[in-house]
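Participant: The following block contains a protein sequence and its predicted model.
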Amino acid sequence: MESWPPGGSGPAEAGRRLRDLRGADLAASASLLSGAGAEAGCSAPAVAAVLPAGGSGERMGVPTPKQFCPILERPLISYTLQALERVSWIKDIVVAVTGENMEAMKCIIQRYQHKGISLVESGVTRHRSIFNGLKALAEDQPNCRLSKPEVVIIHDAVRPFVEEDVLLKVVTAAKEHGHNACEVFTCPEDGHLGFHVLAVVNNAAVNMEAAGAIRPLVSTVISPSVDGCLDHSLERARHRASEMPQAFLFDVIYEAYQQCSDYDLEFGTECLHLALKYCHIKAKLIEGSPDLWKVTYKRDLYAAESIIKERISQQICVVMDTKEDEEHVGHRLEEMLKNELNHVKVTSGRDLQQIILEQCYNFVRVNVMTSDFEETQKLLNMLEESNLSILYPVVVISDEQKLQESLRHGATIIAALIKERNSGLIGQLLVA
Ligand SMILES: Nc1ccn([C@@H]2O[C@H](COP(=O)(O)OP(=O)(O)OP(=O)(O)O)[C@@H](O)[C@H]2O)c(=O)n1
Ligand SMILES: O=P(O)(O)OC[C@@H](O)[C@@H](O)[C@@H](O)CO
């Protein structure tokens, strides 16, 4: 097992606190029950994630395993890692990849500056890959930065659209013992949200200790007879599709995998089933959003690309030398762009770094003076160095006069470039 990048930032303080809970629903679902919370104070249970990424993607029908297939020139798995890294209270992410893809995975981590990632060798089946990830978290290996979490999230590396709220819900549900309850409160010292153990809540043990996301079935499930005819069908309304993420008390799911039969390890597809079969734990089922689907077939890649394009094309940052000048043509372009895009920011070069950190992916630099081109080059360099790896077409408007004449056309071209993100147009010099 290797932590990567070597010498890189290790996992944040153990059990990163659950910060930024928004809304009553998140706060409610964040009422983590913690047996270890007796001295809670401001700390929250430690949470880690295991991402099985050792598959070959046969159903995708391309030579590259689907988790490494590019979307907007960026490997699919990097989007999933980015989604999990955004969740501040996940302290470690363990990714299981094949030995032959280990170097490729390390390059992805380095290129996109993923943090707190540990790599383990995957197994010949998904369950075996997950088991290898759990072993890495369970064993206190010498000079290993991983520590055993209280709760572990299991999430397929090919499900990039996972949001904090569903992660919080499955983790919260996995903690609901029914023994101790705790409430979310703001720590007076640092303003972070923390957990405080309340009195024991009804002695009946509500042994959930596991939870998983589900979605309504799209097709009816049928059972064929041996002669290939319909034997019976399941009532669709009474059944659900099991998706990811799933969350477990670490000891529960680790025990289940240790007890697991070879048959289950070889042919099983459902972690929740292992917790039920070997630990008698009935998982809590959490309705997930439509975006939780697994990228399996080539059509799923096209769908994922469309969703990513749509998400990163909602905003633009108009960069000009002095945003204070109300007469600047950039302000008129800003007004035009508001007819095309949801969020239009205006900035000068001074606060651009902050804009970049806020994950804005689209920029248009309005040059009035020819000398501004140097500023454009500075912007390009800053974007390259920021490692915001999403492709962003550069639209350089080099002639204020022409822009004045065709402001609306210029705004339309810019919006089209942002939404289409055709790599053939990268770096083109367009005069609107
Ligand atoms: N031996 C395996 C098989 C699968 N997976 C991972 O489990 C997740 C979901 O599995 P699936 O969609 O079946 O992926 P593949 O097995 O790669 O797809 P296919 O069945 O089409 O080959 C994927 O992230 C995949 O990389 C894994 O870690 N180890
Ligand atoms: O079966 P596959 O290997 O395609 O993918 C695994 C899925 O079954 C799994 O992710 C969900 O069904 C939840 O268990």
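Facilitator: Structure received. Ligands and ions are numbered 1, 2, ... in the order given.
Participant: Setting aside sequence neighbours, what's the nearest residue to the residue nearest the centre of the chain?
Facilitator: The C-alpha lying nearest the average C-alpha coordinate of the chain belongs to Ala83 (Cα atoms, centre = their mean; 1.7 Å). Once flanking residues are discounted, Ala83 sits nearest to Val162: 5.0 Å by Cβ to Cβ, 6 or more residues apart in numbering. C-beta here means a position set from N, CA and C on the backbone, and glycine is covered the same way.
Participant: Distance-wise, check that neighbour relative to Ala411.
Facilitator: If you measure Val162 against Ala411 using Cβ to Cβ, to the nearest Å, the figure is 34 Å.
Participant: Tell me how many other residues surround whichever residue of the stretch 301-432 of the chain sits closest to ligand 1.
Facilitator: Nearest to ligand 1 in the stretch 301-432 of the chain, going by Cβ to the nearest ligand atom, is Leu301, at a distance of 12.5 Å. Residue neighbour count, defined by other Cβ atoms under 10 Å, stands at 19 for Leu301.
Participant: circling back: the residue nearest to the centre of the chain contacts Pro160, doesn't it?
Facilitator: Yes. The criterion here is Cβ atoms under 8 Å, and Ala83 meets it with Pro160 at 6.2 Å.
Participant: Leu217 is in contact with Arg238, isn't it?
Facilitator: No. With contacts defined as Cβ under 8 Å, Leu217 does not count as touching Arg238, sitting 9.7 Å away.
Participant: Looking at the two, which has the bigger crowd around it?
Facilitator: For Leu217 versus Arg238, neighbours defined as other Cβ under 10 Å are more numerous around Leu217 (14 against 7).
Participant: got a list of what the more buried one touches?
Facilitator: Neighbour list for Leu217: Arg236, His239, Arg240, Ala241 [criterion: Cβ atoms under 8 Å, 6 or more residues apart in numbering].
Participant: I'd like to know which of those are part of strands.
Facilitator: With strands identified by DSSP state E, the entries of those that belong to them are Arg240, Ala241.
Participant: With distance to ligand 2 as added columns, please give the contacts of Leu217 in CSV.
Facilitator: Below are these laid out as CSV (distance: Cβ to the nearest ligand atom, whole Å):
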residue, distance to ligand 2
Arg236, 17
His239, 13
Arg240, 11
Ala241, 7
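Participant: Any of the contacts of Leu217 buried? List them.
Facilitator: Buried residues within the contacts of Leu217, counting neighbours by 16 or more other Cβ atoms under 10 Å: Arg240, Ala241.
Participant: biggest separation within the contacts of Leu217, which pair?
Facilitator: The most widely separated members of those, counting by Cβ to Cβ, are Arg236 and Ala241 (10.3 Å).
Participant: low-scoring pLDDT stretches of the stretch 301-432 of the chain, where are they?
Facilitator: 323-324, 349, 352, 356-359, 368-372, 386-405, 423, 425-432 (pLDDT under 70).
Participant: Name all residues that make contact with the residue of the stretch 251-400 of the chain found nearest ligand 2.
Facilitator: Using Cβ to the nearest ligand atom, the closest approach of the stretch 251-400 of the chain to ligand 2 is made by Thr269 at 3.8 Å. Going by Cβ under 8 Å, 6+ apart, Thr269 touches Arg126, His127.
Participant: which SS class is Leu119?
Facilitator: The local conformation at Leu119, judged by DSSP: H, G, I helix; E, B strand; the rest coil, is strand.
Participant: tally of neighbours for it?
Facilitator: Here the count is done by other Cβ under 10 Å, and Leu119 has 22 residues near it.
Participant: Dig out what it forms beta bridges with.
Facilitator: Each beta-bridge partner of Leu119 is listed here: Glu2, Val95, as defined by DSSP bridges.
Participant: Check the gap between it and Leu167 for me.
Facilitator: If you measure Leu119 against Leu167 using Cβ to Cβ, the figure is 21 Å.
Participant: from what I can see Gly55 touches Arg126, true?
Facilitator: Yes. Judged on Cβ under 8 Å, Gly55 makes contact with Arg126 at a distance of 6.8 Å.
Participant: Got phi/psi on Gln315?
Facilitator: Backbone dihedrals for Gln315, given as degrees, to the nearest 10, come out at phi -140, psi 160.
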